[in-house]
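J.: Sequence and computational prediction follow.
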Amino acid sequence: MEGASAKTETLFWADKIAHEAIEEAKRRNLRVVVCRSGQTPSGAKHIGNFNDNIRSYFVAKCVENAGFKSRHLQTHDDMDPLRKIPERVQDLEGKWHTLSAREIERMEKYVGFPLISVPDPFGCCKNWALHFETLWEDGCRKVGIEKTEYYRNEDLYRSGKFNPFIKTVFERIEMVRSILLEHKTTKTADYIPFWVICENCGRLTGRVIDFDTESKTVTYVCSERMLAGKYKIPGCGHKSSVSWENGTGKLDWQLEWPAQMVMFNTIVEPFGKDHYEGSWPICREVLPKVYNYKGIIPFVYEFFLIDGKKMSTRHGNVYVMQDMLEIMEPEVFCFLYTKRPAKQREISLRDMKLIDDFEHAERVYFGIEKAKNEHEEMNLKRQYELAWCDRRVPERKPLRISYSVAAMVVQLIRDPERVDSALKLLEKIGHVKLPLSDEEKEQVKTRLKLAKRWVERFAPENVRFSVLSTLPEEVTEKLSEKQRGALMEVAEKIKSREYTAEELHAELYNIAKSHGLTSREFFSAAYRILIGRDHGPRLAPFLLSLDREFVIKRFSLKG
């Protein structure tokens with residue numbers, strides 16, 4: 001099922017997978033294509049984790065576009081044990097909080113407990129798992145994914161949905177062991193892939209040493225356990241027998257994951273490269289050999305890099321959906337995930353190239369710009385449509401002022417709520433034509449708010465600026481005679497007439513050339529007398545955004 005026919009080769013990647021999924025559903029006599037994903041609510045999930053959810057959503061959407069029914073599901077793996085206490089956690093509003101050493105110490109005793117048994121760090125939800133599940137679902141809705149069905153493993157175990165799968169694992173234990181031993185050298189020949197929640201200490205450290213399928217019970221000993229090969233969880237030594245039904249314990253991940261696929265009749269599921277190289281080879285064998293399931297159409301996505309580095313708390317570059325929605329519109333954020341999943345993507349929150357990419361696609365979609373070729377045009381238009389998720393794709397292009405211009409404007413007017421002041425400034429520098437509709441005003445206001453937060457949190461120093469109230473002598477003393485002459489000519493030109501941004505841009509280059517200056521020599525001089533640095537926002541619109549008399553006086557080198 002992993003191959004593709006020649007007929008689908010030219011399709012957009014999500015349409016291609018959707019086509020394969022529909023054909024597979026028909027072969028299985030299914031009327032619905034189920035696209036599924038899962039995540040563990042161990043803490044705030046970063047934007048790389050969102051790949052699972054949104055990419056499966058895109059395929060489900062494409063299935064519907066093709067005239068076939070689909071369901072988009074996500075399971076919360078909230079029966080998993082807590083491995084460690086994160087240094088930072090988010091409240092339900094998406095704000096980050098750094099835990100104190102005392103708070104971390106207080107929470108350490110819950111390491112090894114199922115996430116549903118760990119207290120909410122803020123005390124606002126029933127438990128740790130529910131807090132981060134709520135935060136995740138809220139983020140998904142905010143980006144426009146409204147139709148996902150969410151399931152919690154706690155409910156699935158306690159309602160008995162996992163019972164037949166646990167029974168099957170016990171009945172086919174030799175087959176299960178042979179698969180695990182083939183792929184997992186750390187497993188022993190007598191290993192039983194089911195862990196009990198210890199009745200004495202509450203940790204998920206009850207190692208099963210025997211089972212009885214007739215009485216539906218297991219015997220366990222609470223023993224030391226390694227999680228993910230590096231987190232050592234102590235056992236208390238308690239020994240007992242319990243029923244294995246209805247949530248007294250859970251299957252190992254390598255058996256639980258394929259059980260979820262079968263439980264929901266899954267046809268499509270994405271996962272990261274780490275699972276492809278780790279758990280997937282086991283899962284792929286478990287599906288047919290243990291659970292008698294035909295399998296799924298898997299597709300693997302590559303990881304994101306942030307400024308060339310993997311996301312990690314050590315690098316301080318872990319961002320979640322709520323962080324991204326603080327600085328960009330939902331459709332811009334989702335556009336990132338419409339790109340081909342098999343290619344590693346590098347994101348920089350310092351230059352915002354992602355926004356430029358989205359706006360190019362938007363202009364192609366509305367026929368304002370041309371794509372390189374017909375295939376690229378098809379891809380960009382499909383990406384643009386999907387990026388809106390369950391929200392309506394606009395019938396006409398929204399008003400989007402340049403993000404770099406917005407970043408400049410918010411540093412001049414300070415308050416994005418002063419929309420009228422911002423609009424006058426934007427009209428002056430040629431970026432809007434008044435009057436605007438209420439919808440357009442709201443679009444401008446939104447972009448200004450987003451840009452303001454970006455400037456405050458992520459913008460590099462060369463983007464941030466403050467106009468010098470006076471002209472320091474040390475700045476003028478370092479100017480060459482050619483630079484002085486060019487700057488003073490700028491003052492004369494601006495005094496003599498009104499300019500558009502395009503006209504002034506051309507004039508500035510002409511002035512530099514006429515005084516025998518390179519562009520760098522001229523522009524660095526202009527920025528130094530304005531903001532005390534060699535670089536700054538685009539000079540022509542920047543000058544037009546400032547008070548005209550101030551610009552004339554400053555470029556006359558009079559203070």
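T.: Received the coordinates, thanks.
J.: low-confidence ranges in this structure?
T.: 1-9, 185, 313-315, 414 (pLDDT under 70).
J.: Is Ile145 in a helix, a strand, or coil?
T.: coil (DSSP: H, G, I helix; E, B strand; the rest coil).
J.: Give me the residues contacting the helix or strand harbouring Val300.
T.: For Val300, the host element (DSSP states H and E) is strand 297-301. Strand 297-301 is contacted from outside by 1-2, 17, 20-21, 24, 51, 55, 267-273, 276, 280, 284, 341-342, using C-beta atoms under 8 Å, 6 or more residues apart in numbering. (Glycine included, C-beta is placed from N, CA and C.)
J.: Check the secondary structure at Gly94 for me.
T.: Following three-state DSSP, Gly94 is assigned to coil.
J.: Let's see stretch 322-341 as PDB, backbone CA atoms only.
T.: Only the C-alpha atoms of stretch 322-341 are listed here, as PDB (Å, rounded to 0.1, in the frame of the first residue of the first chain):
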ATOM      1  CA  GLN A 322      -0.200  29.300  21.000                       C
ATOM      2  CA  ASP A 323       3.300  30.900  20.600                       C
ATOM      3  CA  MET A 324       3.000  30.900  16.800                       C
ATOM      4  CA  LEU A 325      -0.500  32.300  16.900                       C
ATOM      5  CA  GLU A 326       0.800  35.300  18.900                       C
ATOM      6  CA  ILE A 327       2.800  36.400  15.900                       C
ATOM      7  CA  MET A 328       1.100  35.100  12.800                       C
ATOM      8  CA  GLU A 329      -2.400  34.400  11.500                       C
ATOM      9  CA  PRO A 330      -3.700  30.800  11.800                       C
ATOM     10  CA  GLU A 331      -3.700  30.200   8.000                       C
ATOM     11  CA  VAL A 332      -0.100  31.400   7.800                       C
ATOM     12  CA  PHE A 333       0.900  29.000  10.500                       C
ATOM     13  CA  CYS A 334      -1.000  26.100   9.000                       C
ATOM     14  CA  PHE A 335       0.600  26.800   5.600                       C
ATOM     15  CA  LEU A 336       3.900  25.500   7.000                       C
ATOM     16  CA  TYR A 337       2.400  22.000   7.300                       C
ATOM     17  CA  THR A 338       1.000  21.900   3.700                       C
ATOM     18  CA  LYS A 339       4.600  21.500   2.400                       C
ATOM     19  CA  ARG A 340       5.900  18.100   1.400                       C
ATOM     20  CA  PRO A 341       6.300  16.000   4.600                       C
END
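J.: Where strands are concerned, which of the contacts of strand 297-301 count?
T.: In this view, the contacts of strand 297-301 that belong to strands under DSSP state E are 267-272.
J.: For Phe299, see how far away Trp280 is.
T.: Distance of Trp280 to Phe299, computed by C-beta to C-beta, to the nearest Å: 11 Å.
J.: can you give me the helices in the stretch 151-300 of the chain?
T.: Counting by DSSP state H, counting those that start in this stretch, one finds helices in the stretch 151-300 of the chain at the ranges 153-158, 163-171, 173-183, 253-263, 273-277, 280-289.
J.: looking at the ones you listed, which is closest to Gln383?
T.: helix 273-277 (21.9 Å; C-beta to C-beta).
J.: what comes up buried for the closest one?
T.: His275 (16 or more other C-beta atoms under 10 Å).
J.: try stretch 108-121
T.: 110-118, 120-121.
J.: Sort out which residues of the top helix by length along the chain are buried, please.
T.: Assignment by DSSP state H gives helix 438-457 as the longest helix of the chain. By neighbour count, with 16+ other C-beta under 10 Å as the criterion, the buried positions of helix 438-457 are 441, 443-445, 447-455.
J.: so can I have TSV of the buried residues of stretch 108-121 showing secondary structure and distance to Phe335?
T.: Below are the buried residues of stretch 108-121 laid out as TSV (DSSP: H, G, I helix; E, B strand; the rest coil; distance: C-beta to C-beta, whole Å):
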residue	secondary structure	distance to Phe335
Tyr110	helix	39
Val111	coil	38
Gly112	coil	40
Phe113	coil	39
Pro114	strand	37
Leu115	helix	32
Ile116	helix	35
Ser117	helix	39
Val118	coil	36
Asp120	coil	33
Pro121	coil	33
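J.: show me where the stretch 401-550 of the chain has helices.
T.: Listed in chain order, the helices of the stretch 401-550 of the chain (DSSP H, counting those that start in this stretch) span 403-413, 419-428, 438-457, 473-477, 481-496, 501-514, 519-531, 539-545, 548-555.
J.: Quick one: list the elements packing against the shortest one.
T.: Helix 473-477 sits against helix 519-531, with contacts defined as 3 or more C-beta pairs under 8 Å, 6 or more residues apart in numbering; DSSP states H and E.
J.: Taking the buried residues of stretch 108-121, tell me the two that lie furthest apart.
T.: Pairwise over the buried residues of stretch 108-121, using C-beta to C-beta, the maximum falls at Gly112 and Asp120, 17.7 Å.
J.: picking up where we left off before, give me the contacts around the longest helix of the chain.
T.: 326-329, 349, 352, 398-401, 403, 406-407, 409-411, 416-417, 419, 422-423, 426, 432, 436, 463-464.
J.: do stretch 210-222 as well
T.: Outside of stretch 210-222, the residues within contact range by C-beta under 8 Å, 6+ apart are 167, 170-171, 192, 194, 196, 198, 200-201, 203, 205-209, 235-245, 249.
J.: Check stretch 193-202 too.
T.: 113-114, 117, 166, 169-170, 176, 180, 203-208, 211, 218, 220, 222, 225, 235-236, 238, 240, 242, 244, 248-252, 254-255.
J.: ok, for Phe333, nearest residue in space, not its chain neighbours?
T.: Distances taken as C-beta to C-beta, 6 or more residues apart in numbering put Met324 closest to Phe333, at 4.7 Å, once the chain neighbours are dropped.
J.: and the one you found, what element?
T.: helix 321-325.
J.: helices and strands around that helix, which ones?
T.: Against helix 321-325 (3+ C-beta pairs under 8 Å, 6+ apart) you get helix 128-142, helix 330-335.
J.: Rebuild those as JSON lines, extending it with mean neighbour count.
T.: Output for the helices and strands packed on helix 321-325, formatted as JSON lines (neighbours: other C-beta atoms under 10 Å):
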{"stretch": "helix 128-142", "mean neighbour count": "21"}
{"stretch": "helix 330-335", "mean neighbour count": "22"}
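J.: Switch those over to a markdown table; also include distance to Arg382.
T.: A markdown table is the format used below for these (distance: least, C-beta to C-beta, whole Å):
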| stretch | distance to Arg382 |
| --- | --- |
| helix 128-142 | 21 |
| helix 330-335 | 11 |
